[in-house]
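>>> Predicted model follows, preceded by the sequence.
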Amino acid sequence: MTDKLSVILIGAGNMGGAMFQSWVRAGILDPARSAVITPNPKPWLLDLSDETGIPINPVDDGEGYDIAVLAVKPQMFADVLPGLSWPNMEKTVFVSVAAGLPIGEIENILKSNIAEPHVVRGMPNLPVSVGEGLTLMASGQAVSDAEQSNVKRLLACAGDVIVMDDEDGLDRYVGTSGSGTALALLLVEAMEDAAMSLGADEAAARRMAEQVFVGAAALLKSDDRPASELRAAVTSKGGTTAAGLAVLDDEKNGLRPLMKRAVDAAYARARELAGK
Ligand SMILES: NC(=O)C1=CN([C@@H]2O[C@H](COP(=O)(O)OP(=O)(O)OC[C@H]3O[C@@H](n4cnc5c(N)ncnc54)[C@H](OP(=O)(O)O)[C@@H]3O)[C@@H](O)[C@H]2O)C=CC1
Ligand SMILES: O=C(O)[C@@H]1CCC=N1
């Protein structure tokens with residue numbers, strides 16, 4: 001018995017590729033029972049395939065795969081899934097990372113190949129590529145506890161995993177998980193722009209803004225105090241930080257109502273993608 005996992009990745013783009021790299025780094029895949037399907041494999045993937053022996057677009061699927069991670073665009077599921085086929089497919093657990101697409105709809109698409117598909121939804125984010133990811137997950141009715149725990153073990157190679165009570169959580173919190181990385185990165189860009197408006201050249205602005213965020217992230221990681229307390233430690237009464245925060249934390253026009261609007265918009269888009 002091996003504790004390595006048998007996994008097929010469908011779609012090695014930004015997200016699928018990042019997840020695959022985290023699994024390889026963790027050494028969790030059984031190369032003899034794993035594979036990647038993707039139409040135009042990038043050089044890094046070809047290199048990893050050579051290194052690990054995990055085949056890309058294999059012609060022989062052996063005995064099949066225990067877990068299939070579906071990382072194509074949500075709009076492609078109806079085209080791609082019916083074309084999938086390997087031995088013992090009814091025993092495979094399908095893990096979709098697509099935004100919005102509900103478990104019930106994925107089950108319906110898979111029913112063209114399998115009588116009772118086992119489907120898990122995950123909402124990862126790009127920092128899985130550096131082991132600092134966050135993945136929200138929820139399982140369909142047909143998924144057993146053992147299957148869910150195998151999927152969780154796979155996703156946990158890449159960072160924190162939160163099991164939600166139901167899949168609405170994945171849509172509701174997409175702005176603070178999957179899409180959240182982009183919202184945080186826009187803050188870095190905004191700080192760069194602001195430094196340049198005061199005269200910094202692009203390289204200096206980037207160096208300052210990036211290091212401020214890397215430093216803040218490292219503080220959050222190494223110190224148990226919440227962000228609000230760490231922020232208080234930076235803020236001298238009547239000083240420069242308080243002056244900046246008076247603008248950024250304005251109740252009506254500051255960052256909090258703006259962030260709420262952004263996160264609400266991401267949730268609304270997830271529901272649209274789900275056809276709700
Ligand atoms: N990017 C992110 O941060 C996150 C993305 N997601 C979800 O991940 C999924 C993928 O998004 P993302 O990685 O950004 O998109 P990408 O376009 O980067 O990746 C999609 C990949 O699927 C490949 N592909 C296309 N057709 C097929 C096929 N028939 N069989 C197998 N693979 C195929 C594409 O190949 P090619 O490019 O050669 O056509 C591409 O490599 C989406 O459903 C998205 O909602 C979830 C959380 C975060
Ligand atoms: O933008 C998207 O739809 C995907 C899902 C979350 C992050 N990227």
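Done, it's in. Ligands and ions are numbered 1, 2, ... in the order given.
>>> Distance of whatever residue of the stretch 101-250 of the chain ends up closest to ligand 2 relative to G100?
Closest to ligand 2 within the stretch 101-250 of the chain is G178: 3.0 Å, counting by CB to the nearest ligand atom. Every C-beta, even on glycine, is put in place using the N, C-alpha and C of the backbone. Note on G178: its distance to G100, by CB to CB, to the nearest Å, is 10 Å.
>>> ok, the two, which is more surrounded?
Neighbour count, other CB atoms under 10 Å: between G178 and G100, G178 has more, with 25 against 20.
>>> Give me every residue in the stretch 1-150 of the chain lying close to ligand 1.
In this structure, the stretch 1-150 of the chain approaches ligand 1 at residues 10-16, 37-40, 71-74, 76, 80, 97-99, 123-126, judged by CB under 6 Å from any ligand atom.
>>> try 5 Å this time
10-11, 13-15, 37-40, 71-74, 80, 97-99, 126 (CB under 5 Å from any ligand atom).
>>> Mind checking which of these land in strands?
Judged by DSSP state E, the subset of these located in strands is 10, 37.
>>> Now which of the residues of the stretch 1-150 of the chain next to ligand 1 would you call buried?
The neighbour count (16 or more other CB atoms under 10 Å) marks 10-11, 15, 37-38, 71-72, 74, 97-99, 126 as buried among these.
>>> would you turn the residues you listed into TSV with pLDDT?
Formatted as TSV, those follow (pLDDT from 0 to 100):
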residue	pLDDT
I10	98
G11	98
M15	96
I37	98
T38	98
A71	98
V72	98
P74	94
V97	97
A98	96
A99	94
L126	94
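>>> In TSV: these, plus distance to V24.
Listed next are these as TSV, based on distance: CB to CB, whole Å:
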residue	distance to V24
I10	17
G11	16
M15	15
I37	16
T38	15
A71	15
V72	20
P74	25
V97	17
A98	22
A99	25
L126	17
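>>> how about the residue of the stretch 101-250 of the chain closest to ligand 2, what does it touch?
When the contact criterion is CB atoms under 8 Å, 6 or more residues apart in numbering, the partners of G178 are 99, 123-125, 136.
>>> same thing but at 10 Å, please
15, 97, 99, 122-126, 133-136, 170-171, 266, 270 (CB atoms under 10 Å, 6 or more residues apart in numbering).
>>> That one and E192, how far apart?
Relative to E192, and taking CB to CB, G178 is found at 24 Å.
>>> what ranges do the strands span in the chain?
7-10, 35-37, 67-70, 93-96, 118-123, 133-139, 159-163.
>>> Please tabulate these in TSV, including the columns distance to A233.
Output for those, formatted as TSV (distance: least, CB to CB, whole Å):
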stretch	distance to A233
strand 7-10	43
strand 35-37	46
strand 67-70	41
strand 93-96	40
strand 118-123	32
strand 133-139	25
strand 159-163	25
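>>> What distance do you get for K260 to V247?
Applying CB to CB to K260 and V247 gives a distance of 18 Å.
>>> Might you enumerate the residues of the stretch 151-276 of the chain proximal to ligand 2?
178-179.
>>> so where's the protein shaky on pLDDT?
For the chain, the stretches with pLDDT under 70 are 1-2.
>>> Longest helix in it, by number of residues?
Taking DSSP state H as the criterion, the chain has its longest helix at helix 202-222.
>>> so what secondary structure elements neighbour that one?
When contacts are defined as 3 or more CB pairs under 10 Å, 6 or more residues apart in numbering; DSSP states H and E, helix 202-222 packs onto helix 180-197, helix 227-234.
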